[in-house]
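Trainee: For reference, the sequence and a predicted model appear below.
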Amino acid sequence: MKQVYLFKYGLTVLLLICAISVFAQNKPFTGKVVDETNQPLPGATVRVKGTEQSTTTDAKGVFSFPKNGQSAIDVTISFVGYDLMEKVITANDATLTIELVPNQKSLNEVVVIGYGTSKKKDLTGSISSVSAKDLNPGAVSQPLQQLVGKAAGVDISEIGSEPGVPLSIRIRGITSISPEGTPNDPLVVVDGIQGGLDLLNQVPPTEIATIDILKDASATAIYGSRGASGVVLVTTKHGTDGKTTVEYTENTSVDQLTRQLHELNAQQWSTDAAALGVDASANHGSNTDWYNLLTRTGVTQNHSLAFGGGANGFNYRASLSAIDQTGVVINSNYQKYIGNVVLSQKAINDKLTLTMNINTGINDANYSPSQDVGNAAFMSNTITQAYIARPTDPVFNTDGSYYIDPNVFHYENPYAIAKTVINKVDQNQFLTSFRANLDIYKGLSAGWFGSWRKFDQNDGQYLPPQSTITDAITYNGIGTIYNEHHDEKLMDINLTYKTDWGKNHFDASAYYEYQAIYQNGNNEIGRGFINNLTTYNALQLGTLSDVQSGDISSFATQRRLISYFGRANYSYDNKYYLTGTFRADGSTVFGADHKFGYFPSGAASWRVDQEDFMKDQQTVSSLKLRLGYGVTGNQAGLLPNGSIAEFGLNGSSPIVYFGGQAIPNYTYTQNANPDLRWETREETDLGLDFGLFHDRLTGTFDAYTSKTKNLLYDYSVPLIPPFETTTVYGNAGTLQNRGLELSLSYQVIKTDKMTLTLAGNGSLLQNKVLSLSGDIEGFDANTNYQAYGGGGNAFLIVGKPIGTFLIYKHAGVNAQGVETVVNEPANGIPNGAVQNNNERFDEGQVEPTYNYAFTPSFTYGNFDASMVWRGQGGNKIFDGLREDLSMLQNIGKQNVLQSAIPLGIHSSPVNSDEWLESGAFLRFQNLSFGYKINVPSIKFISSLRVSLTGQNLALFTKYQGGDPEVNVSGNNSSGADYGIYPRTRTISAGLNVILK
């Protein structure tokens, strides 16, 4: 019995050992993923290298894979906000705990802040940063196109698609009402070189590394008088140590017309014109589609070749770029060529860094001509002229000359204008800079920076008599030459000190800066040529007796700016940050007693996520509060000699006759104002930067309020001492801007093979005129309203938004077909005055009150895709072109819209809200697909990528005009649309090759 018992017991033990062995062999590979605080990370992606096997961790952070006879597997673990981890799991491992390391790259990302850099986590001001990989792809001829929709509070608009015409940008709205210069354009800084938006023309789009946008005054005050409207900082690509690389980028696009106004065709015009009593002699029996005749498919080509490298402390990068655009309107085109070289050398045991930048460019443009057309009381482009022309008019006479109707006052043939008028603008640009930074001793360093920028612009226009333009026929040709030379030099020297002790960090910088800008130019007009052979190139061949006053002019101006400024930063324990700046700017353009302006700023931030009470929670991964205040100045809206009296020829009667002799009639042309002072902007910003769920969801929120005081404007004054003319540059009035901005990004999927990111931004903006009154040289400039822009319907009114439409309200049409308005007086002629006028109504504003963008992106393996949707609203547009094309009294001498017939307005004595429309829109701005082709068999190719991009693919709007983006054109826009160069849809194919 004992032996049987032992046998049974031994057999049981043997079977149990075998079972355990089999179970152990089939036990899956398991692991647990935790964060830096040993808390589980559910949803982490775990992939077996070299296979398609992947899984995600459960609620406890655990994952498993079957063994399938394997003794070990190699896995990669990824999770948003953490570095990619690779681990080998063997058969002998129990449940392996894998701790992921937080990804500090985004926090430690370097952001350009103006006269320096900062880590993203250390920022105290409101700054939007966009890297090269996030810029808009496609057919890009200027950098602002790459930024559209990418930053909250930054409104970038393309007013039509004419080649070579710059885009418009507004950062946090309108801050100045000055009619001179470009006071609402931001300062542009490219690798330390300062300038206006035209500086971006010298930046090859493919050479941009990052664009940082300083938005609030605490960030921009370091630039003092040039930072009131924001600052755009562009950092270009530089060479790096290692093997030399060569990169070629090519993009070819096709531009097509999208929206077109619906006018009467030849048959409709003939029928409706006859019904309206138009004499049959106005119908010339042709069937001309002027719009189709003047337009075509546009083509754009971009080519860029860059090479760079470095070794032993020397780095270099050089690039050549070429852009060739053919516009959709005939005879409009643009060519741009840019060469850029960046050199950097380290010396003295890497204590001295020398950097040199040399850039040269050529811009050649043929613009679509703009002339007065027929009875249209506005300046228009070629497309507007095509809308005005009658469809029954022929293009040519029977003898082959261009058709003209002598019975129509100022009749002009749009095809003749487009084919024969020369409107050429050429620019030669050059800039260079040199920077030296020396580490002196234990945190103390010194720097010197100098830049020289110049460009020469040559404009030539020729209007031959064949153009059918009335003045060109009268004078037998008109030629105009305009030349301008711009020379700008800037230099700064600085000292910087940095130190750390314990948990404390402190750094401070002090600067002296000098800037000098010199401009000169001349303009000459010639008339009366025996032929068109020399066009504008030999004005001496014109008729001397046709010379008029003002045909010959020249100018020269100079402005200088000296600045003293500094910045100090203090932080404690990587939690609490303080920044303070102070700048004193002295400018030659102001009155004798107000040359200097003083611009302080301060900001603080608190990294709440670093506090001990935040360590035991898993929801909030990053959280920072920001508060900033700053004062900035503005002088951009002031002419160089704005504070002194000027004497010159009387514009209305430059010549008087005495004793039979012609004598120049000199008079005062500008009043003096020794009290002319800086326009200043004060701004307070409260910000919040956050990241949730291990930074899977990140965002930034800002609320700000600002006031612009001592507004610079050309105010009307009486002709009493001390005034010698009826206007004077002075300071009076205050504007207010308030806004909210929000940017969000959510990484829906992030694995080592696939990513899906949903991102977007939006902003709300409310502005108001607080005051328009002030004392100017003893004169009380007291007013509650002021005209805004040139449209005659928008005004600056105290207590209302900038550019408020105060306009007549449409009431109907009387028996004679004349438009009537609400509260019309007995005589039927409304009073044109604004103040205390009950006939006009507040019908909205020029400036948008909100804008938004949605920018998702997706990658899978070597494939990538992205899109941009953007929109805005809250504003109105006065559709002046629709008004003109709707007056039935004009049908005998021009075309009208199809909608004009049922509307039935024969004429109107005023502009009414019948032509006022919502400016809201949603635009499908960009859609791009890219694929990186693996070419391991080609030894000399490191990377090969192809792409396909569509731009302006769809537009959703109730606006009836050509395009709703018209409001930011010019300085003080009237919010009116009198016709723009057509906006196009673009489809482009691209190629990027990087050689080893």
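Mentor: Ah, there it is.

Trainee: show me the contacts for residue 457.
Mentor: Going by CB atoms under 8 Å, 6 or more residues apart in numbering, residue 457 touches 425-427, 482-486. Any C-beta I mention is one placed from the backbone N, CA and C, and that applies to glycine too.

Trainee: oh sorry, the question was meant for residue 559
Mentor: Applying CB under 8 Å, 6+ apart, one finds that residue 559 lies in contact with 516-517, 587-589, 640.

Trainee: Show me which residues of stretch 532-544 are buried.
Mentor: By neighbour count with 16 or more other CB atoms under 10 Å, stretch 532-544 contains the buried residues 532, 534-536, 539, 542.

Trainee: Burial check on the closest residue to residue 204 other than its chain neighbours, number of neighbours?
Mentor: Among residues not flanking residue 204 along the chain, residue 321 sits closest, at 3.9 Å (CB to CB, 6 or more residues apart in numbering). Neighbours of residue 321 under the rule other CB atoms under 10 Å: 21.

Trainee: next one: phi and psi at residue 321?
Mentor: In terms of degrees, to the nearest 10, the main-chain angles of residue 321 are phi -130, psi 140.

Trainee: Just list whatever residues bridge to it.
Mentor: residue 304, residue 338 (DSSP bridges).

Trainee: any idea how far it is from residue 83?
Mentor: 36 Å (CB to CB, to the nearest Å).

Trainee: In strands, which of the contacts of residue 457 appear?
Mentor: When these are checked against strands using DSSP state E, the ones located there are 425-427, 482-486.

Trainee: quick one on the thing from earlier: which pair of the contacts of residue 559 spans the longest distance?
Mentor: Distance extremes for those: the farthest pair is 516 and 589 at 12.6 Å, using CB to CB.

Trainee: Compare these two and say which is more crowded by neighbours.
Mentor: Ranked by neighbour count (other CB under 10 Å), residue 516 and residue 589 place residue 589 first, with 21 against 15.

Trainee: What is the subsequent helix or strand relative to the lowest-mean-pLDDT helix or strand in the chain?
Mentor: None of the helices or strands of the chain scores lower by mean pLDDT, DSSP states H and E than helix 2-26, at a mean of 43. From helix 2-26 onward toward the C-terminus, using DSSP states H and E, the following helix or strand is strand 29-34.

Trainee: tell me what the next helix or strand after that following strand is packed against?
Mentor: Using DSSP H and E, the helix or strand that follows strand 29-34 in sequence is strand 45-48. Contact analysis of strand 45-48 by 3 or more CB pairs under 8 Å, 6 or more residues apart in numbering; DSSP states H and E lists strand 54-56, strand 62-65, strand 72-78 as its packing neighbours.

Trainee: Please repeat the previous calculation with a cut-off of 10 Å.
Mentor: With contacts defined as 3 or more CB pairs under 10 Å, 6 or more residues apart in numbering; DSSP states H and E, strand 45-48 has these neighbours: strand 29-34, strand 54-56, strand 62-65, strand 72-78, strand 85-90.

Trainee: Give the pairing partners of it; include direction for each.
Mentor: With DSSP bridges as the test, strand 45-48 is paired with strand 54-56 (antiparallel), strand 72-78 (antiparallel).

Trainee: Quick one, which of the ones in strands among the contacts of residue 457 are buried?
Mentor: Going by neighbour count (16+ other CB under 10 Å), the ones in strands among the contacts of residue 457 have 425, 427, 482, 484, 486 buried.

Trainee: Would you check which pair of the buried residues of stretch 532-544 lies furthest apart?
Mentor: Farthest pair in the buried residues of stretch 532-544, by CB to CB: 532 and 539, 13.2 Å.

Trainee: where do the contact lists of the two overlap?
Mentor: The contact sets of residue 532 and residue 539 overlap at 462, 479 (CB atoms under 10 Å, 6 or more residues apart in numbering).

Trainee: if we can go back for a sec, tell me, what's touching residue 516 and residue 589 both at once?
Mentor: Counting by CB under 10 Å, 6+ apart, the residues touching both residue 516 and residue 589 are 559-561.

Trainee: from the residues you listed, which single one is nearest residue 146?
Mentor: When those are compared for distance to residue 146, the smallest value, 30.0 Å, is given by residue 561; criterion: CB to CB.

Trainee: how about the strands in the stretch 851-996 of the chain?
Mentor: Counting by DSSP state E, counting those that start in this stretch, the stretch 851-996 of the chain has strands at residues 857-860, 863-873, 876-878, 916-918, 921-932, 941-957, 984-995.

Trainee: Name the stretch among these that sits most buried.
Mentor: Per-residue neighbour counts averaged over each of the strands of the stretch 851-996 of the chain give the maximum for strand 876-878, namely a mean of 28 (mean count of other CB atoms under 10 Å).

Trainee: Tell me what residue 708 is bridged to.
Mentor: In this entry, residue 708 is beta-bridged to residue 681, residue 735, by DSSP bridges.

Trainee: pretty sure it is touching residue 175, no?
Mentor: Yes - at 5.1 Å, residue 708 and residue 175 qualify as touching, with contact defined as CB atoms under 10 Å.

Trainee: Overlap of the contact sets of these two?
Mentor: For the pair residue 708 and residue 175, residues contacting each of them under the criterion CB under 10 Å, 6+ apart are 183, 228-229, 632, 634, 679, 681, 683, 735, 737, 767.

Trainee: OK, contacts around the closest residue in space to residue 242 that isn't next to it in sequence?
Mentor: Counting by CB to CB, 6+ apart, residue 242 lies nearest to residue 309, which is 6.5 Å off, once chain neighbours are set aside. Contacts of residue 309 were listed using CB under 10 Å, 6+ apart, and they are 239-246, 315-317.

Trainee: mind redoing it with 7 Å?
Mentor: With contacts taken as CB atoms under 7 Å, 6 or more residues apart in numbering, residue 309 has the following neighbours: 239, 242-245, 316.

Trainee: Can you add pLDDT and give these back as TSV?
Mentor: Formatted as TSV, those follow (pLDDT from 0 to 100):
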residue	pLDDT
239	84
242	72
243	72
244	82
245	84
316	93
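
Trainee: Is residue 473 in a helix, a strand, or coil?
Mentor: helix (DSSP: H, G, I helix; E, B strand; the rest coil).

Trainee: contacting residues for the closest residue in space to it that isn't next to it in sequence?
Mentor: For residue 473, the nearest residue in space outside its immediate sequence neighbours is residue 465; the separation is 4.8 Å by CB to CB, 6+ apart. Contact partners of residue 465, counting by CB under 7 Å, 6+ apart, are 472-473, 476-477.

Trainee: among those, who's most crowded?
Mentor: Most crowded among the contacts of residue 465, counting by other CB under 10 Å, is residue 477 at 26 neighbours.

Trainee: show me the contacts for that residue.
Mentor: 463-465, 528-529, 532.

Trainee: just to revisit the earlier point, distance to residue 269 and pLDDT for the contacts of residue 457 - can I get that in a markdown table?
Mentor: Listed next are the contacts of residue 457 as a markdown table, based on distance: CB to CB, whole Å; pLDDT from 0 to 100:
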| residue | distance to residue 269 | pLDDT |
| --- | --- | --- |
| 425 | 36 | 94 |
| 426 | 41 | 95 |
| 427 | 43 | 94 |
| 482 | 39 | 95 |
| 483 | 45 | 96 |
| 484 | 44 | 95 |
| 485 | 50 | 96 |
| 486 | 49 | 94 |
